[in-house]
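Engineer: okay, here's the prediction I keep looking at, along with the sequence it came from:
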Protein chains: 2
Amino acid sequence: MVKPRRFLKSEAALTDSLRRLAAVPRGSALVAGIGDDCAIFRPPNSREDLLFTTDLLVEDTHFRRATHRAADIGWKALARGLSDIAAMGGDPCFCLVSLALAPWCDAAWVNGFFRGLLLQAGHAGTVLAGGDLSHGATVVCDVVVCGAVPRSRALRRDGAHAGDAIYVSGALGGSALGLATGRGKAWRRHLRPEPRLALGRFLRETVRATAAMDLSDGLSLDLARLSKASGLGAEISPPPVWRGATLAQALHGGEDYELLFTAPPRTPVPAAFENIPLTRIGVMRRQNPGRVTMAGKPLVPGGYDHFLAR
Amino acid sequence: MVKPRRFLKSEAALTDSLRRLAAVPRGSALVAGIGDDCAIFRPPNSREDLLFTTDLLVEDTHFRRATHRAADIGWKALARGLSDIAAMGGDPCFCLVSLALAPWCDAAWVNGFFRGLLLQAGHAGTVLAGGDLSHGATVVCDVVVCGAVPRSRALRRDGAHAGDAIYVSGALGGSALGLATGRGKAWRRHLRPEPRLALGRFLRETVRATAAMDLSDGLSLDLARLSKASGLGAEISPPPVWRGATLAQALHGGEDYELLFTAPPRTPVPAAFENIPLTRIGVMRRQNPGRVTMAGKPLVPGGYDHFLAR
């Protein structure tokens, strides 16, 4: 798989420098910019905040023509953005789809792509509002999803407090197992992730989670991000592992699209929500921001960084 | 330049079928979906409508590594979306940038890209709210711009009436000339288009244009689109031609990013706005929707369709 030259800064370093360049001006209708699952925009006089997220899906980086069907790619292209909306407790409003087609794409492929995407849109109750079509050397798709939450109620990464309990939904490592084996339920989990939209709303309205994000790049990396954003560290025990997956896949494998969230230690959190287990895996600690330990030992982030060779 | 297989439907046919698939539900906060420069979203209780546009910029389709500098690419990636906001008379609020980097991209290129993009953002008074970074075989950039207009006031393609006068801003064909010659003012026009944001606001507030769009794919194709959307035809005389360009470049060359608009025949339209000439080039006619004639003869759309071989 091709990678940008090694001397390019890591994705995290690049994002950090962009965040400084693109600081949100005071008094802006933009409440939050780079650094969370979604940007937050507050229209004047509105009782709702709008959430915006954008996700690329790139041939030979995120999927391969030989193994991923068009409808699966369309489904996943939208599911990734919906998962970001879910992570902030939002309701999806609409999406925009930009698609650069490769020379090998035929009409059947394009139809399949949009069939999968619109099927996912229908499940989530959202609509396709527009987009752009072009062509290039390989297929590249970019999907923007707009969602809404009641004003100031978006679940963010930076809201956790010391002592808050840490939870994950579901079992982790299924997508990584599926990618490795190419079969069974795990492969289906990899191909057709289910954004946790209803769970996200439940966490916002009922649990009143203090922080949340979706697990797209692996628990070890994503929890480090949540901890860093909240100015805290985290101590966890091993998370629930997808049947057949390894602990390493559960800790570092990406694309599970489960939710990671925190809540005050005495908040009653049910053992499951709509048959999705909710498991307490640890506690937020006042220590080096971004430092994650498991059973007392440092858990080195092993998730996906687009610009670091692995 | 690579193209999707010939048997793929044309871009127009694909957009039409998506528009049917993705029809905006009645009562939706989405006022307009696929088919105009921007989608229009109306937040509950808001006095403003929000505009959304998304534009791809693809290596070897829209630019070449050998001839286009990183800062020029960043500038143009954002300018394209800002031009769509201008066409609807909007004020830009924020943008989202998704960027897939190629193996040849180094840190200097990435920095240059964002320097150009943020320079254009500063000129337009907009901010970078977020985005996504990835990697692929070639550079692909997708920029979403959100803009705002007073409720129900967006300039649309479908608002022209029979008898309305047709105008264009500026002189046409400069970008096509620049692309052909690679030098001088025309090349600069190609590299660093100037979105007509102030003009767009003037057309909405003062001229009260009945319809507008930006000239991104060439006058012949874009006027056919505006006419079709308004259910009318158009009769024009030759438009103002950029110095040194041919009439064919002015009629069919893309990427001038000037504004095309219509106004009732007796509306006073000044000869220029902030030194940009405004030229009356024709009249909307009750005839076959989308049919454009020049000096009485059919003007066959020669603009850019991503999926038709030329």
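Structural biologist: Yep, it's here.
Engineer: count of neighbours near A:Phe41?
Structural biologist: 23 (other CB atoms under 10 Å in any protein chain shown). Backbone N, C-alpha and C define where each C-beta goes, glycine included.
Engineer: check the gap between A:Asn288 and chain B for me.
Structural biologist: Distance, A:Asn288 to chain B, by CB to the nearest CB, to the nearest Å: 25 Å.
Engineer: for that residue, which non-adjacent residue is spatially closest?
Structural biologist: Distances taken as CB to CB, 6 or more residues apart in numbering or on different chains put A:Gly233 closest to A:Asn288, at 5.6 Å, once the chain neighbours are dropped.
Engineer: so the one you found sits against A:Ser227, correct?
Structural biologist: Yes - between A:Gly233 and A:Ser227 there is a contact at 5.6 Å, judged by CB atoms under 8 Å.
Engineer: common neighbours of those two, please.
Structural biologist: Counting by CB atoms under 8 Å, 6 or more residues apart in numbering or on different chains, the residues touching both A:Gly233 and A:Ser227 are A:Met284, A:Pro289, A:Gly290, A:Arg291, A:Val292.
Engineer: residues touching the residue nearest to A:Asn288, list them.
Structural biologist: A:Ser227, A:Met284, A:Arg285, A:Arg286, A:Gln287, A:Asn288, A:Pro289, A:Gly290, A:Arg291, A:Val292, A:Thr293.
Engineer: what does A:Leu232 give?
Structural biologist: A:Ala160, A:His161, A:Ala162, A:Met284, A:Arg285, A:Arg286, A:Gln287, A:Pro289.
Engineer: what's the lowest-pLDDT member of those?
Structural biologist: The lowest pLDDT within those belongs to A:Gln287, which sits at 92.
Engineer: number of residues surrounding that residue?
Structural biologist: When neighbours are counted by other CB under 10 Å, A:Gln287 comes out with 15.
Engineer: in terms of helices and strands, where is it?
Structural biologist: Here A:Gln287, judged by DSSP states H and E, is contained in no helix and no strand.
Engineer: which residue, other than its chain neighbours, is closest to it?
Structural biologist: Closest to A:Gln287 by CB to CB, 6+ apart is A:Gly233, at 3.6 Å.
Engineer: likewise for A:Pro193?
Structural biologist: A:Tyr257 (4.0 Å).
Engineer: how's chain A carved up into domains?
Structural biologist: Chain A breaks down into these domains under automatic domain parsing: A:11-150, A:157-298.
Engineer: quick one: stretch A:186-201 to chain centroid distance?
Structural biologist: Centre-to-centre, stretch A:186-201 and its host chain are 10 Å apart (CA atoms, centre = their mean, to the nearest Å).
Engineer: contacts for that stretch?
Structural biologist: Contacts of stretch A:186-201 (CB under 8 Å, 6+ apart): A:68-69, A:72, A:75-76, A:79-80, A:82-83, A:85-92, A:124, A:155, A:169, A:174-179, A:181, A:212, A:214, A:242, A:244-245, A:255-259, A:273-274, A:276.
Engineer: helix/strand/coil for A:Leu133?
Structural biologist: Look at A:Leu133: counting by DSSP: H, G, I helix; E, B strand; the rest coil, its state is strand.
Engineer: ok, what's across the strand from it?
Structural biologist: A:Leu99 (DSSP bridges).
Engineer: what count of nearby residues applies to it?
Structural biologist: 19.
Engineer: what of A:Ser46?
Structural biologist: With other CB under 10 Å as criterion, A:Ser46 counts 18.
Engineer: got it, and A:His123?
Structural biologist: If we define neighbours as other CB under 10 Å, then A:His123 has 15 of them.
Engineer: how close does it sit to A:Leu215?
Structural biologist: 20 Å (CB to CB, to the nearest Å).
Engineer: for chain A, what helix or strand is lowest in average pLDDT?
Structural biologist: helix A:11-21 (a mean of 67; mean pLDDT, DSSP states H and E).
Engineer: all helices of chain A, in order?
Structural biologist: A:11-21, A:70-87, A:107-124, A:174-181, A:184-191, A:197-202, A:219-230, A:247-252 (DSSP state H).
Engineer: could you say which of the ones you listed is packed most deeply?
Structural biologist: Of these, the one with the most neighbours on average (mean count of other CB atoms under 10 Å in any protein chain shown) is helix A:70-87, at a mean of 26.
Engineer: output that helix as CSV, restricted to C-alpha atoms.
Structural biologist: Extracted C-alpha coordinates of helix A:70-87, given in CSV (Å, rounded to 0.1, in the frame of the first residue of the first chain):
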residue,chain,number,x,y,z
ALA,A,70,-19.8,-1.6,-4.7
ALA,A,71,-22.8,-1.7,-2.4
ASP,A,72,-20.6,-2.5,0.6
ILE,A,73,-18.4,0.5,-0.3
GLY,A,74,-21.3,2.8,-0.6
TRP,A,75,-22.7,1.6,2.7
LYS,A,76,-19.5,2.1,4.6
ALA,A,77,-18.7,5.5,3.0
LEU,A,78,-21.8,6.8,4.7
ALA,A,79,-21.7,4.7,7.8
ARG,A,80,-18.3,6.2,8.8
GLY,A,81,-19.8,9.7,8.9
LEU,A,82,-23.0,8.6,10.6
SER,A,83,-20.9,7.0,13.3
ASP,A,84,-19.3,10.4,14.0
ILE,A,85,-22.8,11.9,14.4
ALA,A,86,-23.8,9.0,16.7
ALA,A,87,-20.7,9.7,18.8
